[in-house]
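S.K.: Take this sequence and fold it.
(one chain, ligands or ions: 1)
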Amino acid sequence: MKHKLTFPDGFWWGAASSGPQTEGWAGKKHENVMDTWYRTSRKDFFDGVGPDVASDFYHTYPEDFKLMKEIGMNSFRTSVQWTRLIKDLETGEADPEGVKFYKDMIAKAKKNGIELILNLHHFDMPTELLEKYGGWQSKHVVDLFKKFAKTAFEEFGDDVRYWTTFNEPMVIPEAGWLYGFHYPKLVGQGKEAVEIIGNINLASAKAIKAYRDSKKNGEIGIILNLTPAYPESDSKEDAAAAKFADEFFNQSFLDPAIKGEFPKDLEELLRKDGVLWDLSEEDRKTIAENTVDFLGVNYYHPKRVRAPKNPDKYENWMPDRYFEEYEWKEGRINPYRGWEIFPKAIYDIAKNVQDNYGNIKWFISENGMGVEGEERFRKEDGSIEDDYRIDFYNEHLAHLHKAIEEGSNCFGFHAWTAMDCWSWNNAYKNRYGFIGVDLGDQSRKIKKSGRWLKEVSDENAILI
Ligand code: BGP
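M.R.: Below is the predicted model:
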């Protein structure tokens, strides 16, 4: 006997994506750092596939929105690309071709009954600004981001009600400056990484201020990858490691975004270590006065942490002085991506937001199951029978439902993703979509999970 779990009225059933991962390069005015990385080193990308064409959303969006509607999506998040919208990066002047594309895209979403959420930064720093100024290490770039944001609000703010400033800002220092898996692929640059955290928080607050000054009639938030850190044991040392991992990787963005200030213990530790971000009184005031209206949470897998065995491994300051990750033996692993599957973390995140962040309204802005070699699940009629994905979503949604029953202020669920899309170095290795994309001819085919979403959205409920 199955149980029906009903979600609050008006719940968002949708999916997330981003400009650089879907649109392709047609019509763009500048390169972002991922574009440059691909152009200069194709071998770093799975099967040598890049963002140059991606899922060709620049051309396919009219049809893609119809398919999104067909699978019951009532909302969709993508991003406005800095490198497409802005012609002059110093002045923030818009490019007419970019404006035309986004205006039409926004209109097509509306025509299909899809609430569009526009995000401003999804790992896509313009390369020129990295090369000239050091990217997010520069306060000047913070101000250029504000100009870009202002232009986006002026051009599209009357037609788009929901905005976010950044997607997973922590990934920028983590992947680009600490562990080297995104461009500029630096390793061990702890001090610079901390500086970037401070500057991105300031950039987000300045963009929020620009939004409020624009007097548009909508809301603005931020999207964070909140990764609960569970300690290996009850020991004092492992608890301290988990506390640090939570403060550094989650709270260093969550606290400023919602409370307008950084976690005190973390600031004290970074000051003591001589690596604290460089923010003036005025910068801190800007952060304090410009907190978010809502929060988006991306969740894929938790962190399992313990006290570091080798805290002095790195020459420079690194967060790894205070924690290390390990593989939890009892954990369930997604065999097609290698990530742990731990749906209860959704409940834990919801409770944390409810209990410690004023029960701010929030939604799941990404959750999903990447699968390598998904072709093996294709049936004779051409459709992919992705029951593993349906089970994955049902399990996560059941935990979310429980939290909502207990008062969590969650208003939606976005899967990653609608159409299979390109991802940073994995390219199309791990497919995530409700709708499959054939890279040969760019044709689309709804997967079984897409039909499942339609039922869930129509009923505003899951059956488990
Ligand atoms: C999130 C990013 C997305 C997307 C997703 C899947 O962290 O916000 O942009 O890439 O992860 O990751 P992957 O494709 O590497 O499995």
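S.K.: what's the closest non-adjacent residue to the residue of the chain at minimum distance from the ligand?
M.R.: Nearest residue of the chain to the ligand, counting by C-beta to the nearest ligand atom: residue 423, 2.9 Å away. Where you see a C-beta, it was placed from the backbone N, CA and C, and this is true even at glycine. The shortest distance from residue 423 to any non-neighbouring residue, by C-beta to C-beta, 6 or more residues apart in numbering, is to residue 21 (6.2 Å).
S.K.: wait, isn't the one you found in contact with residue 50?
M.R.: No - look at residue 21 against residue 50 with C-beta atoms under 8 Å: they stay out of range, at 10.8 Å.
S.K.: Between these two, which contacts overlap?
M.R.: Among the neighbours of residue 21, those also in contact with residue 50 (C-beta atoms under 8 Å, 6 or more residues apart in numbering) are residue 422.
S.K.: More neighbours: which of these two?
M.R.: Under the criterion of other C-beta atoms under 10 Å, the comparison of residue 21 against residue 50 puts residue 21 first, with 23 against 20.
S.K.: For that one, what are phi and psi?
M.R.: phi -90, psi -10 (degrees, to the nearest 10).
S.K.: What does the pLDDT read for residue 358?
M.R.: On the pLDDT scale, residue 358 is placed at 98.
S.K.: tell me, how many neighbours does it end up with?
M.R.: Neighbour number of residue 358 under other C-beta under 10 Å is 11.
S.K.: Do I have it right that it meets residue 255?
M.R.: No - the criterion here is C-beta under 8 Å, and residue 358 misses it with residue 255 at 11.8 Å.
S.K.: Work out the gap between stretch 87-101 and the centre of the chain.
M.R.: Its chain's average C-alpha position is 24 Å from that of stretch 87-101, according to C-alpha atoms, centre = their mean, to the nearest Å.
S.K.: If you count neighbours, what's buried in it?
M.R.: Within stretch 87-101, the residues that count as buried by 16 or more other C-beta atoms under 10 Å are 87, 89, 92, 94-95, 98-99, 101.
S.K.: Redo the residues you listed as JSON lines? Include distance to the ligand, pLDDT and secondary structure.
M.R.: Listed next are those as JSON lines, based on distance: C-beta to the nearest ligand atom, whole Å; pLDDT from 0 to 100; DSSP: H, G, I helix; E, B strand; the rest coil:
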{"residue": "87", "distance to the ligand": "26", "pLDDT": "98", "secondary structure": "strand"}
{"residue": "89", "distance to the ligand": "23", "pLDDT": "98", "secondary structure": "coil"}
{"residue": "92", "distance to the ligand": "25", "pLDDT": "98", "secondary structure": "coil"}
{"residue": "94", "distance to the ligand": "25", "pLDDT": "98", "secondary structure": "strand"}
{"residue": "95", "distance to the ligand": "24", "pLDDT": "98", "secondary structure": "coil"}
{"residue": "98", "distance to the ligand": "21", "pLDDT": "98", "secondary structure": "helix"}
{"residue": "99", "distance to the ligand": "24", "pLDDT": "98", "secondary structure": "helix"}
{"residue": "101", "distance to the ligand": "20", "pLDDT": "98", "secondary structure": "helix"}
